[in-house]
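Chemist: Build me a model from this:
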Amino acid sequence: MHQIESSLKELHLQGMGRAWQSITETGSHHKLSLSEGLALMLQSERELRRDNRFDRLRKAAGFRYVASIEEINCEASRGITQSQITEYASGAYIKKAQSILITGATGCGKSYIASALGHQACGQGYKVKYFNFQKLMLALKIARLDGSIYKLFDQLEKADLLILDDFGLTCLESGQQPDLMEIIEDRHAKRSTIIASQLPVSKWYEIISEATIADAILDRLVHTSHRIELKGDSLRKKM
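Modeler: Residues are numbered from 1 along each chain as shown. Just a heads-up that it's a prediction; the model follows:
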């Protein structure tokens, strides 16, 4: 028994090691068959690796909020239904490389929903990146200056789900439109993107402010996207 425990540690099979410790401490090894004991140990190892992967993906995503699908308020008056959330929680939109556009007034829960969907995607094993849009634009500007721009574009392209929060707080500056176009073009029909904005999609054209690029970006986003148009008063105000 000691040799088994040592071997599990040496092979870094922590989940199996925990299960083995539990089995021996409770005397279950006298009651379980070899196949039953092995099945329990393998299940424990699988669950531990899944949890560890989720933690790594969650930390790498850089979420603004700790959020969960179960805590999303799906009152009909808010403009979102439980069936919508259930559909998005399945991750089908990620498999189909579709986008989700979330709009609504300040404080109505846009960022929380986006983060909850991101956490859900991490739990399903997808690589997620979360950015405040203004901070991403600043990061791109700095990356151009230090020569790491293509590395950053590559990271954004490879994320299974990219979340851009607080889009449209200010109009895009000269030079930012091509960067946004690059990001959207790299991901179009290949990866999923969630964009949260205070402004309705009909106003995004003005925010991008460069007609040709605005046409190209919106053409790639709007026609294949799901929409969540939140309504009602600020949840922060209610709290």
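Chemist: Arg227: what secondary structure?
Modeler: strand (DSSP: H, G, I helix; E, B strand; the rest coil).
Chemist: any idea how far Ser202 is from it?
Modeler: For Arg227, the distance to Ser202 (CB to CB, to the nearest Å) stands at 12 Å. Yep, even glycine has a C-beta here, placed from its N, CA and C like the rest.
Chemist: So if I had to pick from these two, which one is more boxed in?
Modeler: A count of neighbours by other CB atoms under 10 Å puts Arg227 above the other of Arg227 and Ser202, at 14 against 10.
Chemist: Please report the distance of that one from Ser115.
Modeler: 18 Å.
Chemist: Same check on Gly79?
Modeler: 18 Å.
Chemist: Of those two, which one has the most company?
Modeler: Between Gly79 and Ser115, counted using other CB under 10 Å, the more crowded position is Ser115 (23 against 17).
Chemist: and the residue nearest to that one when sequence neighbours are not counted, what is it in contact with?
Modeler: Spatial nearest neighbour of Ser115, excluding adjacent residues (CB to CB, 6 or more residues apart in numbering): Ala67 at 3.9 Å. Going by CB atoms under 8 Å, 6 or more residues apart in numbering, Ala67 touches Tyr112, Ile113, Ser115, Ala116, Gly118, His119.
Chemist: try it again with 6 Å
Modeler: Tyr112, Ser115, Ala116, His119 (CB atoms under 6 Å, 6 or more residues apart in numbering).
Chemist: what's the answer for Lys231, then?
Modeler: Here Lys231 is in contact with Arg78, Gly79 (CB under 6 Å, 6+ apart).
Chemist: Validate this expectation: it resides in a strand.
Modeler: No. Assessed by three-state DSSP, Lys231 does not belong to a strand; its assignment is coil.
Chemist: Look up how far Ala121 lies from it.
Modeler: 25 Å.
Chemist: again with Glu25
Modeler: Taken as CB to CB, the span from Glu25 to Ala121 is 37 Å.
Chemist: In terms of packing, which of those two has more residues around it?
Modeler: More crowded of Glu25 and Ala121, by other CB under 10 Å: Ala121, with 25 against 9.
Chemist: ok so, going back, which helix or which strand is home to the residue nearest to Ser115?
Modeler: Ala67 belongs to no helix or strand when elements are defined using DSSP states H and E.
Chemist: domains of the chain?
Modeler: 2-55, 69-238 (automatic domain parsing).
Chemist: Which stretches in the protein count as helices?
Modeler: 2-10, 14-25, 34-61, 82-89, 92-95, 110-123, 133-146, 149-158, 176-187, 204-208, 211-222, 235-238 (DSSP state H).
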